[in-house]
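Asker: please work out how this folds:
(chains A and B)
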There are 2 protein chains.
Amino acid sequence: VPERLGPARASPLFDKIALIGLGLIGSSLAHVARRQNLAKEVAGFDTDADVRKRARDLRLAVIAESAEEAARGADLVILCVPVGAMGDAACAVAPQLKRGAILSDVGSVKSGVVASVAPHIPEGVHFIPAHPVSGTEYSGPEAGFATLFLQRWCILTPSEGADENAVAKLTGFWEAAGSHVEVMSAAHHDLVLAITSHVPHLIAYNIVGTAADLEEVTQSEVIKFSAGGFRDFTRIAASDPTMWRDVFLHNKDAVLEMLGRFNEDLSALQRMIRWGDGDGLFDLFSRTRAIRRGIIAEGQETAAADFGRHIGEENGPASG
Amino acid sequence: VPERLGPARASPLFDKIALIGLGLIGSSLAHVARRQNLAKEVAGFDTDADVRKRARDLRLAVIAESAEEAARGADLVILCVPVGAMGDAACAVAPQLKRGAILSDVGSVKSGVVASVAPHIPEGVHFIPAHPVSGTEYSGPEAGFATLFLQRWCILTPSEGADENAVAKLTGFWEAAGSHVEVMSAAHHDLVLAITSHVPHLIAYNIVGTAADLEEVTQSEVIKFSAGGFRDFTRIAASDPTMWRDVFLHNKDAVLEMLGRFNEDLSALQRMIRWGDGDGLFDLFSRTRAIRRGIIAEGQETAAADFGRHIGEENGPASG
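Answerer: Reported below is the predicted structural model:
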């Protein structure tokens, strides 16, 4: 299991990469592109002038004053904006794209992005949607770092008949960034992510909201006694509000479908508690441990106990 | 903010402490009691012979062959067993308790424990229920470590008219273990923990169960793409099944009350998604960030980004 990025490439994969949007993902791509020598030139743009200024101060990339300028002459353009802004971003860069260039994105929803981006793609440009399944709870150009994608999965959802060379080239890009790459349909992606990411975020936001609105328990008590489990939900519920609003608006069907199943199962669990069905509770609670073991075995998580402070080996066993 | 335990006490607080139950909490208490010189003698017992053997091999404490033997002559007995086993444990140790001794526990539910333990308490023995709000997802005698309680809250729920000296002495014990101590009623404790701990665990168990049962998404996909948020729920859903079954069976009313509120709020959120209420979603998603900031400010969590691997500074910014 590699814990660090490999050596930088001897020769760059692309002449010019343009990153449209410089939040956590865009800025992390800028870091890894430079570190791994993925392009001769990395250009960047963000619609927020303050973000552009901060990105310049951080020397993330060559920061342009428009999406058009950033994309001009690029052979890879990656849209790193919230899902709801993908259509506008594609519209802005499309006229600059040369024949054979690849346009991609990093949106957490794929069918919705395809629907809003595809109409803008010029003849001869390859649109290969992508979603790196990685992140932290932080946003903005300062949040990025080169190893964000290391050992994480990046899902590509090329349409049927997409150019194979373009898919291979984008696969090479993400692998050089440290990721594993998997290809699936946009529709299947949206279903998989609904259960592994979107609904978990929704219920985390929801319980933090519920806790904030109680009359019998004060906010200060919720904060003090959060180490009992609640704390971990607040981390997820601290993610970028704009990004997540757009995810739910653009993956409505799959989210409502998975939420329906979650609710059914929760009702069954609620009934077990009401009627004192200890065996039913115990069975479920035992079954869920197996999935955890799979995640640790697959390298998507460490086995180290997590209790909110990673401040030195004195504070817990290396593994349990 | 202290990140380490202070120096050990010059003189022990108790002559003999008995720990009944040697799982994560009992074994951590054994470690910290020795490390901080909290007692001249630490005795331990577990109903599971294999656990007793492992605890002996680990030299956790003087391991007895019965609860009675462990408790004999102790001036502090702490029941560290699942909530459903507290009554039996109290019944076993009660005849050994001398006048002035303190009996306490570490159960995550307090009203239910008081109801099952109180009838066994002999005249002149002080029963002071306690709940250290700390833990990891690991169980068993190997899982314990001395700093588990460091900078965490321990809630005491003495009944009205409880002996003030006994409460002060137990407070001193938990403070010497590194905890902050708060006193409240058992009923209020159960409500606070229902929202900060019990319902979060319930919905974590629930979504992991939902994900395990899908037909359209394979278990291998759930595991691979868990870094999108699901992973954090599996950690919580890997907690000890017996302990959690007992929590839900013994804090039924408060859990059902808080779950009702959670469900109401989730229905409202579901409706926002169905009807495309982006402003409503954005408002909630922004509001929940404030609670996160409170938890970090209170020292119950680090600000460091968490994305499943704490393997060195190369892998992320120190703070975001």
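Asker: name the residues of the stretch 51-200 of chain A found near chain B, please.
Answerer: A:84, A:108, A:133-138, A:142-143, A:145, A:147-148, A:150-153, A:155, A:182, A:188, A:191-193, A:195-200 (C-beta under 8 Å from any C-beta of the partner chain). Yep, even glycine has a C-beta here, placed from its N, CA and C like the rest.
Asker: can we see that at 7 Å?
Answerer: The stretch 51-200 of chain A has residues A:133-138, A:143, A:145, A:147, A:152-153, A:191-193, A:195-197, A:199-200 near chain B, with proximity defined as C-beta under 7 Å from any C-beta of the partner chain.
Asker: keep only those of those residues that are in helices.
Answerer: The helices, defined by DSSP state H, take in A:191-193, A:199-200 from these.
Asker: where does pLDDT dip in chain A?
Answerer: Filtered on pLDDT under 70, chain A yields the residue ranges A:1-2, A:302, A:304-320.
Asker: show me the contact partners of the helix ranked longest in it.
Answerer: Across chain A, the helix with the greatest residue count (assigned by DSSP H) is helix A:252-274. For helix A:252-274, the external contacting residues (C-beta atoms under 7 Å, 6 or more residues apart in numbering or on different chains) are A:190-191, A:194-195, A:198-199, A:202, A:248, A:280-281, B:202-203, B:206-207, B:209-210, B:248, B:252, B:255-256, B:259, B:270, B:273-274.
Asker: after that helix, heading C-terminal, what element do we hit next?
Answerer: Downstream of helix A:252-274, the next assigned helix or strand under DSSP states H and E is helix A:278-297.
Asker: quick one: buried residues of that following helix?
Answerer: Buried residues in helix A:278-297, counting neighbours by 16 or more other C-beta atoms under 10 Å in any protein chain shown, are found at A:278, A:280-282, A:284-285, A:287-289, A:291-292, A:294-296.
Asker: closest to A:Leu38 out of these?
Answerer: For A:Leu38, the nearest member of these is A:Ile295. The distance, counting by C-beta to C-beta, is 28.7 Å.
Asker: tell me how far A:Ile295 lies from B:Thr234.
Answerer: 6 Å (C-beta to C-beta, to the nearest Å).
Asker: quickly list what's touching both of those two.
Answerer: Shared contacts of A:Ile295 and B:Thr234, defined by C-beta under 7 Å, 6+ apart, comprise B:Ser226.
Asker: who's in contact with A:Cys91?
Answerer: Each residue near A:Cys91 by C-beta under 7 Å, 6+ apart is listed here: A:His120.
Asker: go again with 10 Å.
Answerer: The neighbourhood of A:Cys91, defined by C-beta atoms under 10 Å, 6 or more residues apart in numbering or on different chains, consists of A:67, A:116-117, A:119-120.
Asker: correct me, but A:Glu216 touches B:Ile195?
Answerer: Yes - when contacts are counted by C-beta atoms under 10 Å, A:Glu216 is listed as touching B:Ile195 (9.0 Å).
Asker: looking at the two now, which is surrounded by more residues?
Answerer: Set side by side, A:Glu216 and B:Ile195 show more neighbours around B:Ile195, with 28 against 14, by other C-beta atoms under 10 Å in any protein chain shown.
Asker: hang on, that one packs against A:Phe230?
Answerer: Yes - in this structure B:Ile195 lies within contact range of A:Phe230 using C-beta under 10 Å: 7.2 Å.
Asker: give me the common contacts of those two.
Answerer: Counting by C-beta under 10 Å, 6+ apart, the common neighbours of B:Ile195 and A:Phe230 are A:207, A:211, A:222.
Asker: can you tell me the closest non-neighbouring residue to the last one?
Answerer: It refers to A:Val222. Distances taken as C-beta to C-beta, 6 or more residues apart in numbering or on different chains put A:Ala211 closest to A:Val222, at 4.8 Å, once the chain neighbours are dropped.
Asker: ok, now the first one?
Answerer: Distances taken as C-beta to C-beta, 6+ apart place A:Phe233 nearest to A:Ile207, at 5.5 Å, with adjacent residues excluded.
Asker: OK, contacts around the one you found?
Answerer: A:200-201, A:203-208, A:211, A:226, B:196, B:199-200, B:203-204, B:232-233, B:236, B:288, B:291-292.
Asker: if I look at it, how far off is A:Glu264?
Answerer: Distance from A:Phe233 to A:Glu264, by C-beta to C-beta: 21 Å.
Asker: that older thread, now which of the contacts of helix A:252-274 would you call buried?
Answerer: The neighbour-count test (16+ other C-beta under 10 Å) applied to those identifies A:190-191, A:194-195, A:198-199, A:202, A:248, A:280-281, B:202-203, B:206-207, B:209-210, B:248, B:252, B:255, B:259, B:270, B:273 as buried.
Asker: what's around the closest residue to A:Lys98 other than its chain neighbours, how many residues?
Answerer: Using C-beta to C-beta, 6+ apart and skipping the chain neighbours, the partner closest in space to A:Lys98 is A:Gly73 (6.8 Å). For A:Gly73, the neighbour count with other C-beta under 10 Å is 13.
Asker: correct me, but A:Gly73 touches A:Gly100?
Answerer: No - using C-beta under 10 Å, A:Gly73 makes no contact with A:Gly100, being 12.0 Å away.
Asker: tell me, how many residues neighbour A:Ser159?
Answerer: 12.
Asker: gap between the residue nearest to it when sequence neighbours are not counted and A:Ala187?
Answerer: For A:Ser159, ignoring the flanking residues on the chain, the nearest one in space by C-beta to C-beta, 6+ apart is A:Val114 at 7.1 Å. In this view, A:Val114 and A:Ala187 are 10 Å apart by C-beta to C-beta.
Asker: higher neighbour count, these two?
Answerer: Summary of the neighbour comparison: A:Val114 and A:Ala187, criterion other C-beta under 10 Å, with A:Val114 having more neighbours (20 against 15).
Asker: the more buried one contacts A:Met86, correct?
Answerer: Yes - with contacts counted by C-beta under 10 Å, A:Val114 reaches A:Met86, the gap being 9.3 Å.
Asker: joint contacts of these two?
Answerer: Taking C-beta under 10 Å, 6+ apart as the contact rule, the neighbours common to A:Val114 and A:Met86 are A:105, A:107, A:129.
Asker: now, of those, which are buried?
Answerer: Among the shared contacts of A:Val114 and A:Met86, those that count as buried by neighbour count (16+ other C-beta under 10 Å) are A:105, A:107, A:129.
Asker: and which of these is nearest to B:Pro95?
Answerer: Proximity of these to B:Pro95 was ranked by C-beta to C-beta; the top entry is A:Gly107 with 66.6 Å.
Asker: now the strands: where do they sit in chain A?
Answerer: When secondary structure is read from DSSP state E, chain A shows strands at A:14-20, A:39-45, A:62-63, A:76-79, A:102-105, A:126-127, A:130-132, A:153-156, A:180-183.
Asker: can you list those in JSON lines and add distance to B:Arg52?
Answerer: Output for those, formatted as JSON lines (distance: least, C-beta to C-beta, whole Å):
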{"stretch": "strand A:14-20", "distance to B:Arg52": "59"}
{"stretch": "strand A:39-45", "distance to B:Arg52": "61"}
{"stretch": "strand A:62-63", "distance to B:Arg52": "65"}
{"stretch": "strand A:76-79", "distance to B:Arg52": "59"}
{"stretch": "strand A:102-105", "distance to B:Arg52": "58"}
{"stretch": "strand A:126-127", "distance to B:Arg52": "64"}
{"stretch": "strand A:130-132", "distance to B:Arg52": "49"}
{"stretch": "strand A:153-156", "distance to B:Arg52": "44"}
{"stretch": "strand A:180-183", "distance to B:Arg52": "45"}
